[in-house]
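Chemist: Below is the sequence, then the predicted model.
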Amino acid sequence: MSDWRTGVYLTTAEVEQDPEYSLRLRDEIGLTTVVLSFSGTLPEEVTELSPFPQVPPTDDQLTDLVLRHMDGGPVDPREFDRAAASVGPGVGATGDDDGFRRAVDGLKEQGLEVWLCGSSWTIRRLMFCPSRASVTAWFEAVYSHWAGAYGVDGLDITHARFPMGSFPLGLFGCTCDHCAVAASRLGYDMEEMIAALRQSRARLRQLDGKRLGEVVRMGVGFFDIIQALDVQPGLIGWLRFRAELLIGALTRFRSAAKAANPEIFFGGDTFPASMSLTVGHDLMRWGEFADFASPLVSHISAFTCNTLTEWARFLQSEIGDSLSTADALATIYRFTGYDGIGLPESYEGFGDAHELAQRVPVADLVLRDLAKTKLHLPQDLPSYPILHGTGWPRPAIDRIVTEARRLGHDGIIWQGTDELMNSTPASIRGT
């Protein structure tokens with residue numbers, strides 16, 4: 001029997017509407033695992049631990065709980081409506097526990113493993129402060145319940161990160177009083193880190209855009225960046241602190257889940273390796289709290305390309321008209337390690353999200369991150385990249401899967417399967 005894991009994301013509604021779909025996937029693409037989004041309800045002994053003073057919480061109550069920018073205010077209130085539709089961070093206020101249990105039982109009767117997929121601190125822009133004791137206690141109770149109550153084989157935690165890089169303000173939080181206390185406890189100085197962030201930004205504004213573009217075209221390196229931005233120890237400390245904060249909490253969550261179910265397979269998705277530290281993901285330490293990693297390389301629009309264009313625009317806004325769009329993009333490509341694969345030289349070149357997979361070299365983009373992921377992750381930690389099986393060119397999909405196996409990844413978790421059905425090669429089936 002092959003050790004290659006083939007998974008797919010499904011919802012309870014999809015399972016109920018077409019119970020034969022997972023069987024077809026099992027037979028046609030070798031499906032072994034369903035990652036099922038939680039759609040049940042929580043018992044009273046868990047909901048009473050919610051950090052929300054009431055359900056739904058008010059905007060003021062949410063403001064008190066979410067990540068704060070270094071200038072004092074909440075990073076972004078635009079997702080308050082979505083947060084308010086929850087019984088607590090990461091868990092919807094409505095659900096059908098019996099329906100969720102039926103879906104789990106039905107999939108297991110088909111011989112499939114079932115992982116419960118549940119959320120964590122972050123929606124997209126909005127993040128609940130990871131230093132809040134009440135928020136940590138809430139997730140600890142929720143994950144313990146999920147691990148022990150449904151007979152699932154795994155617990156797949158998603159959104160366990162700081163806001164994604166395509167939302168630049170997320171890079172400058174959280175700096176609330178709770179995080180300052182946590183920083184001191186972990187050996188970091190919040191004021192020093194904030195000062196370093198401001199110092200680097202001030203130096204960025206002093207750069208000559210034309211000279212920067214010329215240097216980037218010649219070949220800019222690590223030491224050039226250290227000099228140009230006058231990088232201070234506090235800036236490196238800022239990245240390390242945010243990662244260490246998440247590692248400590250996730251270690252607690254795993255222990256709680258294992259206490260409820262010692263056999264539970266606990267892990268979660270990782271941000272693309274080229275930018276993982278920007279959201280607090282230290283891949284080299286992933287094995288401290290996880291039994292597996294799922295490199296989330298399917299979101300080439302929201303995670304990767306939008307981040308590249310937003311950072312390029314940020315550079316232009318800071319440096320001014322002397323920095324051309326082509327040079328701004330080239331600088332970001334070089335800085336993040338995506339240079340040399342033929343990405344667009346203009347913002348218009350990316351098109352919209354629906355046509356992106358036809359505009360950029362998908363396979364080269366994804367494989368660059370999958371190679372870096374294997375460099376950083378512990379060698380013995382199972383890795384299951386998350387790929388799109390819908391909307392990507394089939395030749396790109398086939399190449400990514402073949403190369404993922406060569407690189408040493410242990411399976412694939414699919415988001416969509418339209419491109420896979422009826423004509424699936426052995427490389428995708430895991431044989």
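Modeler: Structure received.

Chemist: isn't residue 32 right up against residue 6?
Modeler: Yes: contact criterion CB atoms under 8 Å: residue 32 and residue 6 qualify, at 5.2 Å. C-betas here are computed from N, CA, C, even on glycine.

Chemist: In contact with the residue nearest in space to the middle of the chain, which residues are there?
Modeler: The residue lying closest to the centre of the chain (CA atoms, centre = their mean) is residue 271, at 4.0 Å. By CB atoms under 8 Å, 6 or more residues apart in numbering, the contact set of residue 271 is 161, 164, 278-279, 281, 296, 303.

Chemist: hmm, which two among these are most spread apart?
Modeler: 278 and 296 (13.7 Å; CB to CB).

Chemist: related to what we said a few turns ago, can you tell me which of the contacts of residue 271 lies nearest to residue 20?
Modeler: When the contacts of residue 271 are compared against residue 20 (criterion: CB to CB), the nearest one is residue 296, at 28.4 Å.

Chemist: okay, now the closest one: neighbour count?
Modeler: 22 (other CB atoms under 10 Å).

Chemist: residues in contact with residue 151?
Modeler: 104-105, 108.

Chemist: And residue 375, by the same measure?
Modeler: Counting by CB under 8 Å, 6+ apart, residue 375 has contacts residue 273.

Chemist: Distance check, it against residue 243.
Modeler: Using CB to CB, to the nearest Å, residue 375 is found at 17 Å from residue 243.

Chemist: ok, now residue 68?
Modeler: 19 Å.

Chemist: same deal with residue 179?
Modeler: Counting by CB to CB, the gap from residue 179 to residue 243 is 13 Å.

Chemist: What strand or helix carries residue 34?
Modeler: For residue 34, the element it lies in under DSSP states H and E is strand 33-37.

Chemist: how about the nearest residue to residue 176, chain neighbours excluded?
Modeler: residue 68 (4.4 Å; CB to CB, 6 or more residues apart in numbering).

Chemist: Show the pLDDT at residue 3.
Modeler: At residue 3, the pLDDT value in this model is 89.

Chemist: Tell me the secondary structure at it.
Modeler: coil (DSSP: H, G, I helix; E, B strand; the rest coil).

Chemist: contacting residues around it?
Modeler: residue 410.

Chemist: for residue 47, same thing?
Modeler: 87-88.

Chemist: Backbone torsions only: list them for it.
Modeler: phi -60, psi -30 (degrees, to the nearest 10).

Chemist: which stretches of the stretch 301-431 of the chain form helices?
Modeler: For the stretch 301-431 of the chain, helices defined by DSSP state H, counting those that start in this stretch occupy the ranges 306-319, 325-336, 356-359, 362-376, 394-407, 426-429.

Chemist: Which of the ones you listed comes out lowest on mean pLDDT?
Modeler: Of all the helices of the stretch 301-431 of the chain, helix 426-429 carries the lowest average pLDDT, namely a mean of 56.

Chemist: Would you mind grabbing the residues shared as contacts by residue 32 and residue 6?
Modeler: residue 411.

Chemist: Neighbour count: these two, which is higher?
Modeler: Using other CB under 10 Å as the criterion, residue 32 and residue 6 rank with residue 6 on top: 23 against 20.

Chemist: Checking my notes, the more buried one in a strand, right?
Modeler: Yes: assessed by three-state DSSP, residue 6 belongs to a strand.

Chemist: just so I have it, where are all the helices in the stretch 1-150 of the chain?
Modeler: Counting by DSSP H, counting those that start in this stretch, the helices of the stretch 1-150 of the chain are 12-17, 21-29, 44-47, 59-65, 80-84, 97-109, 133-149.

Chemist: Average pLDDT for the fifth one, rounded please.
Modeler: It stands for helix 80-84. Rounded mean pLDDT across helix 80-84 is 92.

Chemist: Using CSV, list the CA coordinates for it.
Modeler: In CSV, the C-alpha atoms belonging to helix 80-84 read as follows (Å, rounded to 0.1, in the frame of the first residue of the first chain):
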residue,chain,number,x,y,z
PHE,A,80,-16.1,42.8,12.2
ASP,A,81,-19.4,41.6,10.7
ARG,A,82,-17.9,38.2,9.9
ALA,A,83,-16.3,37.9,13.4
ALA,A,84,-19.6,39.0,15.0
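
Chemist: Buried residues in stretch 132-150, which are they?
Modeler: 132, 134-136, 138-150 (16 or more other CB atoms under 10 Å).

Chemist: same question but for stretch 262-280, I mixed them up
Modeler: In stretch 262-280, counting by 16+ other CB under 10 Å, buried: 264-280.

Chemist: Please apply the same query to stretch 149-163.
Modeler: Buried, per 16+ other CB under 10 Å, within stretch 149-163: 149-150, 152-163.

Chemist: what do you get for stretch 302-320?
Modeler: So stretch 302-320, judged by 16+ other CB under 10 Å, has buried residues 303-316, 319.

Chemist: what's the closest of the residues you listed to residue 20?
Modeler: Closest to residue 20, out of all of these and judged by CB to CB, is residue 303, at 32.7 Å.
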